[in-house]
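>>> Sequence below, structure please.
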Amino acid sequence: MQHIDMNSDEFQAEMEKTTKFVEKVNKQFGWVQNPNEEVNEGVTMGLARNKLIYGKRFCPCFMVIGETKEEQKKADNRICPCKPAIEKEIPENGLCHCGIFCTPEYAASQTQHDTIEEIVHEHSKGLTKEQAITLLQEEQLDGDELEALLEARTLGMIEFTLLDVREFMEFQMGHIVGTDALVPTSQFYAKIEEHNDKKKRAVIVYCHTGSRSFQVQHAMKSLGFEHVCNLRPGIISYAGEVQKG
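Reported below is the predicted structural model:
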């Protein structure tokens, strides 16, 4: 296997060519690059490396099969921009497997998501109404995100129901301030009927580690609840206010 010196003039020249290649592909298909620059840099480096080693820009996220050019062609290795990305991945998911090519809609959504992540994980909270609504659409939340959403709910920006799905004893030992009801997993199907009026509203469920609530999340969806978020990994990840009793 040929070893590539990343600091060599040869590699730097190929990096420049590959960057221009990526720009050309984006223009051709109406795509944009991933808003995460680390993704773009890593994939570009991989494409440049493969070009120097194999003479083709094979997708760096997949192993190149075959020792000779004939074997590599016969193995149908992915060459960027690859057919699966063009025909399936980008139309369906908004980005290719390697992540360097995205639709403008995906990139805009990801940029907004990253902004929200930065806000909640730096504990500055202060979400806008639009950011709070976007975050509430996630299916899995961490403790910082739930804390930010509870603050947004207190400020009247959003509405959701917070359900504790642990058992009564656990609830008494300590539950998240802002919890609206206890729906013990052991009594789930009987207790959840009390909340059938919330099937079209946002609901967040939590337990101790996120495992029971993950099961409840999917059970609620099967019962017609349209959007259920799960706190993962549970109350143990929550640094906000907790009360006993």
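
>>> Disregarding flanking residues, what is the spatial nearest neighbour of Cys80?
Arg57 (4.6 Å; Cβ to Cβ, 6 or more residues apart in numbering). In this view, the C-beta of every residue, glycine as well, is placed from N, C-alpha and C.

>>> I'd like the distance between the one you found and Asp142.
Applying Cβ to Cβ, to the nearest Å, the value for Arg57 to Asp142 is 37 Å.

>>> more crowded one of the two?
Using other Cβ atoms under 10 Å as the criterion, Arg57 and Asp142 rank with Arg57 on top: 24 against 17.

>>> related to what we said a few turns ago, mind listing what the residue nearest to Cys80 touches?
Neighbour list for Arg57: 18, 21, 47-48, 50-51, 79-80 [criterion: Cβ atoms under 8 Å, 6 or more residues apart in numbering].

>>> Identify the farthest-apart pair in those.
Spatially, the most separated pair among the contacts of Arg57 is Ala48 and Ile79, at 14.0 Å (Cβ to Cβ).

>>> More neighbours: these two, which one.
Remark: of Ala48 and Ile79, Ala48 carries more neighbours, 25 against 16, as counted by other Cβ under 10 Å.

>>> does that one really touch Glu10, like I thought?
No - under the criterion of Cβ atoms under 8 Å, Ala48 makes no contact with Glu10, lying 9.8 Å away.

>>> Now do the helices in this structure.
Along the chain, the stretches classed as helices by DSSP state H are 9-29, 37-54, 69-74, 83-84, 90-93, 104-121, 129-135, 143-154, 168-173, 188-191, 211-222.

>>> Out of the ones you listed, flag the one nearest Gly240.
helix 143-154 (4.1 Å).

>>> Got the domain ranges for the chain?
Following automatic domain parsing, one gets these domains for the chain: 9-102, 127-243.

>>> Only alpha carbons, please: show the least confident helix or strand in the chain by mean pLDDT as PDB.
Within the chain, confidence by mean pLDDT, DSSP states H and E is lowest for helix 104-121 among all helices and strands, at a mean of 78. The C-alpha coordinates for helix 104-121 follow below in PDB (Å, rounded to 0.1, in the frame of the first residue of the first chain):
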ATOM      1  CA  PRO A 104     -29.600  23.000   0.800                       C
ATOM      2  CA  GLU A 105     -32.600  22.000   2.900                       C
ATOM      3  CA  TYR A 106     -30.600  19.500   4.900                       C
ATOM      4  CA  ALA A 107     -27.700  21.900   5.400                       C
ATOM      5  CA  ALA A 108     -30.100  24.600   6.700                       C
ATOM      6  CA  SER A 109     -31.800  22.200   9.100                       C
ATOM      7  CA  GLN A 110     -28.400  20.900  10.300                       C
ATOM      8  CA  THR A 111     -27.100  24.400  10.800                       C
ATOM      9  CA  GLN A 112     -30.200  25.300  12.900                       C
ATOM     10  CA  HIS A 113     -29.800  22.000  14.900                       C
ATOM     11  CA  ASP A 114     -26.100  22.700  15.600                       C
ATOM     12  CA  THR A 115     -27.000  26.200  16.800                       C
ATOM     13  CA  ILE A 116     -29.500  24.800  19.200                       C
ATOM     14  CA  GLU A 117     -27.000  22.200  20.400                       C
ATOM     15  CA  GLU A 118     -24.500  24.900  21.100                       C
ATOM     16  CA  ILE A 119     -27.000  26.900  23.100                       C
ATOM     17  CA  VAL A 120     -28.300  24.100  25.300                       C
ATOM     18  CA  HIS A 121     -24.900  22.400  25.900                       C
END
